[in-house]
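*Asks:* Quick one, structure for this:
(2 chains)
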Amino acid sequence: DTEVTQTPKHLVMGMTNKKSLKCEQHMGHRAMYWYKQKAKKPPELMFVYSYEKLSINESVPSRFSPECPNSSLLNLHLHALQPEDSALYLCASSQLDMGFSYNEQFFGPGTRLTVL
Amino acid sequence: GNSVTQMEGPVTLSEEAFLTINCTYTATGYPSLFWYVQYPGEGLQLLLKATKADDKGSNKGFEATYRKETTSFHLEKGSVQVSDSAVYFCALSRSRTGNQFYFGTGTSLTVIP
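*Replies:* Okay, here's the model as predicted:
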């Protein structure tokens, strides 16, 4: 299985709602990532988990709260979002090893989020 | 620092035309280089990669060669198809873990019949 899955595919929420995005992979990857992508722009890194621990937080507002319950799952909890947070949210995963090649990231299809 | 500079788009080509999308990078040490493709409404898919100087990555008729002397990783395809219409991102990874991933701005390609 070489797939990263994300649910839901689309999400519409109000500014007072609480919702969660889910990401899953079964490739044995121990690094998982959340990205935000605006239209016609490259993905922007938000969070990185390495061995289920948060290793990078790119100064993301606290209304975004990541969680990694186990090595296969990654969640992004959303609360009190703003309309400018509307974007495609991408999850990715990659191997972690001590070899000399740098590992590619495998991306999910994304969740299209609209904040009203 | 580490960065990727990519050819400005959009690019419009006729079917069977030759494609080149330029990508140059700035990095310390020896990064790995990647091309990703994003079709409308989808996530990013790895198209090809190269991990050391003079490596050539290839997939689905696309090729790119890691040129350390010119710090470049240009994407080429000899004969494009309508189905190649997508956004192409050049990227570099400067960490074994892949954590430090730097993307170019993306180049939108439209192929017309």
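*Asks:* surely residue A:19 meets residue A:13?
*Replies:* Yes. Between residue A:19 and residue A:13 there is a contact under Cβ atoms under 8 Å: 5.1 Å. All C-beta spots, glycine's among them, are computed from the backbone N, C-alpha and C.
*Asks:* Pull up the overlap in contacts between those two.
*Replies:* With contacts defined as Cβ atoms under 8 Å, 6 or more residues apart in numbering or on different chains, the residues shared by residue A:19 and residue A:13 are residue A:78.
*Asks:* since we're on residue 3, how many residues are nearby?
*Replies:* I went with chain A, as the question did not name one. 11 (other Cβ atoms under 10 Å in any protein chain shown).
*Asks:* My question was about chain B, not that one.
*Replies:* 12.
*Asks:* List the contacts of it.
*Replies:* So residue B:3 contacts B:25-27, B:102 (Cβ under 8 Å, 6+ apart).
*Asks:* Find the pair from these with maximum spatial separation.
*Replies:* B:26 and B:102 (9.2 Å; Cβ to Cβ).
*Asks:* which residues do the two both contact?
*Replies:* Shared contacts of residue B:26 and residue B:102, counting by Cβ under 8 Å, 6+ apart, come down to B:2-4.
*Asks:* Restricted to strands, list those.
*Replies:* B:3-4 (DSSP state E).
*Asks:* Out of the shared contacts of residue B:26 and residue B:102, which comes closest to chain A?
*Replies:* Among the shared contacts of residue B:26 and residue B:102, residue B:4 lies closest to chain A (Cβ to the nearest Cβ), at 8.9 Å.
*Asks:* Could you check which of residue B:26 and residue B:102 is surrounded by more residues?
*Replies:* residue B:102 (19 against 13).
*Asks:* before we move on, back to that, closest one to residue A:112 out of the shared contacts of residue B:26 and residue B:102, please.
*Replies:* For those, the nearest to residue A:112 is residue B:4 (25.5 Å; Cβ to Cβ).
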